[in-house]
Every structure is written in C-alpha cells, then in structure tokens.
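Asker: Dropping the sequence and predicted coords here.
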Amino acid sequence: MAAQDMSNMVGPLAKERKQEAGDEDTSVQTLAGNGMLEVPRRFIRSETELASFTPHSTLSLEPMPMIDLEGLHDYRRQFTMAAISSACLHWGCFQVVNHEIPQSILDDALRSAREFFEMTAKEKQTYKMELESPNGSGYGIQSLESKDKVLDWGDVMFHKNMDKWPAKPATYKSAMVSYARETRKVLETLLDVVSVELRLMPTYFRDLFGDFEQSLRVNYYPSCPQPELVLGLRSHTDPVVFTALLEDQTRGLQVKNGEKWVTVDPEPDAVVIFVGDQLQIASNGRCKAVTHRAVVNKDTDRISIAMGLAPSPKVVVRPAPELLEKGSPARYEGRTYGEFKANLAHGVRW
Ligand SMILES: O=C(O)CCC(=O)C(=O)O
Ligand SMILES: [Fe+2]
C-alpha cells in the first residue's frame, strides 16, 4: 500500500467519513465499548491486506535488532555504532535499551496516556480535532481522512508541534513533554552515529534538518471482537526523520522486513526506533524508512506513544552530495519538508 501521512488524517474528507462512522461524538473506543460481536463493515480491510495478516503464533524467526546504547560509552563503541547503522540500512527500525531515559518518565507517559483515554467520551471530546483544519492537533479517530475509505481500529490524541494539551489528567502535559525531551536526545545521538557511519561530518544530518520540530501521537487501540479483519493502524512509513515509539506490554506493532511482516515483542524498558522518509532521502536511500502497522487483539486494548522528529518545514531535504557518486546518482529530488507533506496528502511520496 502507498505510504500515508499519518499526521494528516483530518480534513475535508473527514467530515463525510465521520458521518459514516456514526454520530458526531463517535470514537472507536466508544464503538468497541458497546459490546458488539461483529465489526462494522467500514473497518474491514481488503482481501489483499487480509491475506498479509500474520497470526501471532507464526512469528518470524528473525527478530528486529535490539541495541544496547550503553555500548556507545565503553569498549563496544565501534561495534554499537556499526549495529545502529546496519539496523538503519537493513531494517529501518530497531529497539534500544540503556538509552538513559529514566524509567519513571516512560512509565509516567504511558500512565498519563491511559488516564486520558479512560476519561469519559464527553471529556475527551472537549479536545477533538478541528475537522476543517487539516493536519490539526487533537483527539479523534485515526483514519477519517483515509483515501481507501476503510477505517482503522484506533483513536489518537495528536499533538502537532507539541500543542493542544488537555487540562486533564493533571500529569499529562508534563509527562508528555518530558518523554518528548528525552526521546529527542536519544534520536539526536542516533542521528550523529548514522552521519559518522556514512562517513559524513558527525553533525551532518542535524545541521541539514535545521531546528527540529517534534510531534506526539498518542495511540489507543481498543480490543476488537474480530481482530483478524481490521488494522489498528494501516501500513505506512513515518514522514519524519526518526520516530521513537513507546508501547505498553501488549503485542501489536508489526514491521515489514523484505516481504515478511514481523511482530515486535514489546520489552519493558525498550524504545522502538523507526527510520522515517526524510532520513531515507538525505541518505540517498541507504537508510530505509520502515513500513509498519498495528494489529489489534480480542482481549486487551493497547497504547503507544510516537514522538516524531521532523525537519522544520522550510528546510530543503535532498540526498547528501557526499553520498553521490558516478554509479549512485541522486534517487530523490530536493524538496522542503513542507512540500513533502503537501504531496503526501495527495498520495505522492517521492
Ligand atoms: O502503535 C504502533 O505500534 C504504531 C504507531 C505508529 O506507527 C505511529 O503512530 O506512527
Ligand atoms: Fe508510524
């Protein structure tokens, strides 16, 4: 499936979709809470997609790389740097542990997210997305703007540019801001590692992308009576440079490795890292933006929090000239991040 801009699920189409989804205040959480036995047709994926569903019992034998970042500070430095760059080149994703983010910050972010989604539907609707302003922050159904007209089985609280904070739960804003600050440090470190490993100046990518913008997507996937027919979040790549994803202990994230979908096993103290489209462009395709999706299950809900690190919208992102050679010409045109996002809204990625 073509890449979708996951931060752009609200807009003109959304109004129409929302009417189809039910009354004005519907969320998937509310729908799921009504105790239905069969999911409404508008959530059911196409035959082709259903065929690609991997039951959890047939996991790929090859797990996604797990990288111990403590290795950057001791005799394992070269090895750890090579492992990070190899994961970016071959998988486009990996998990990190010993990332120096205090466990309390991760726990607080997940707890605040859960407390937010546990509030009444009416309270949450106070923060609902403005359907008239595309790309807007706020609370809503994941996929109202989806072009294929199939809805995802999930709700989202989206903070574009770290804005639109709910007043309740009281801890929510400070927990999310701390999570975003800490994950940003990790992603900047990783970016410097990738620069060095590609034989660029150590701060090459950081300098290229300019003042980063951060966004936060707090995802909530209710349990589902027919998980084999729906997706919590459709298959996509993230449009940003890097994403840091924190998940609770419920399986649901799947990443594409070659032609195989691999289910990621959540680790209590790990953070998942995704290479996004901008790093793929700037590295001239050496780093791979990973295609990923979320599946849901019958018994438990699931929460994840994605922090996206993006270039500022006016920055032109193009393949690093140092990576171009006779045999490897530029594979992508230079575009501002703003233009990239605008194209993506029309289904054009490169
Ligand atoms: O919930 C997940 O596992 C994936 C979330 C994600 O891909 C996103 O928010 O962009
Ligand atoms: Fe994503």
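Answerer: Looks like it arrived, so ask away. Residues are numbered from 1 along each chain as shown. Ligands and ions are numbered 1, 2, ... in the order given.
Asker: which parts of the stretch 251-350 of the chain sit against ligand 1?
Answerer: Contacts of the stretch 251-350 of the chain with ligand 1, taken as Cβ under 6 Å from any ligand atom, map to 252-253, 292, 294, 304, 306. (Glycine included, C-beta is placed from N, CA and C.)
Asker: any idea which of the residues you listed is closest to W261?
Answerer: Of all those, H292 has the smallest distance to W261: 9.0 Å, by Cβ to Cβ.
Asker: Do I have it right that the closest one meets G252?
Answerer: No - H292 is beyond contact range of G252, at 10.6 Å (criterion: Cβ atoms under 8 Å).
Asker: okay if I get the residues of the stretch 251-350 of the chain next to ligand 1 as JSON lines plus distance to L200?
Answerer: Putting these into JSON lines (distance: Cβ to Cβ, whole Å) gives the following:
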{"residue": "G252", "distance to L200": "35"}
{"residue": "L253", "distance to L200": "30"}
{"residue": "H292", "distance to L200": "26"}
{"residue": "A294", "distance to L200": "33"}
{"residue": "S304", "distance to L200": "31"}
{"residue": "A306", "distance to L200": "26"}
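Asker: Going by distance to K160, which of these wins?
Answerer: A306 (12.3 Å).
Asker: Quick one: name whatever helix or strand follows the one helix or strand the closest one maps to.
Answerer: Assigned by DSSP states H and E, A306 belongs to strand 302-310. Going down the chain from strand 302-310, the next helix or strand is strand 316-317, by DSSP H and E.
Asker: Give me the average confidence score over that following strand.
Answerer: Average pLDDT, strand 316-317: 97.
Asker: quick one: buried residues of the strand holding A306?
Answerer: Along strand 302-310, these residues count as buried under the neighbour rule (16 or more other Cβ atoms under 10 Å): 302-310.
Asker: now swap in stretch 32-47 and tell me
Answerer: 32, 39, 43-45.
Asker: any weak-confidence spans in the chain?
Answerer: 1-25, 54-61, 131-135, 144-147 (pLDDT under 70).
Asker: what packs against the longest helix along it?
Answerer: The longest helix of the chain (DSSP state H) is helix 172-197. Counting contacts by 3 or more Cβ pairs under 8 Å, 6 or more residues apart in numbering; DSSP states H and E, helix 172-197 is packed against helix 77-90, helix 103-117, helix 204-209, strand 213-221, strand 242-247, strand 271-275, strand 302-310.
Asker: Looking at the ones you listed, spot the one closest to V193.
Answerer: So among those, helix 77-90 is nearest, using Cβ to Cβ, at 4.9 Å.
Asker: ok and the closest one relative to helix 172-197, angle-wise?
Answerer: 100 degrees (axes from the mean of the first three to the mean of the last three Cα atoms, to 10 degrees).
Asker: buried ones in helix 77-90?
Answerer: The neighbour-count check on helix 77-90 (16+ other Cβ under 10 Å) flags 80-81, 83-85, 87-89 as buried.
Asker: Also stretch 185-197?
Answerer: Buried-residue list, stretch 185-197, by 16+ other Cβ under 10 Å: 186-188, 190-197.
Asker: one step back: columns distance to E322 on top of the helices and strands packed on helix 172-197, output as CSV?
Answerer: Formatted as CSV, the helices and strands packed on helix 172-197 follow (distance: least, Cβ to Cβ, whole Å):
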stretch, distance to E322
helix 77-90, 15
helix 103-117, 36
helix 204-209, 8
strand 213-221, 25
strand 242-247, 20
strand 271-275, 19
strand 302-310, 22
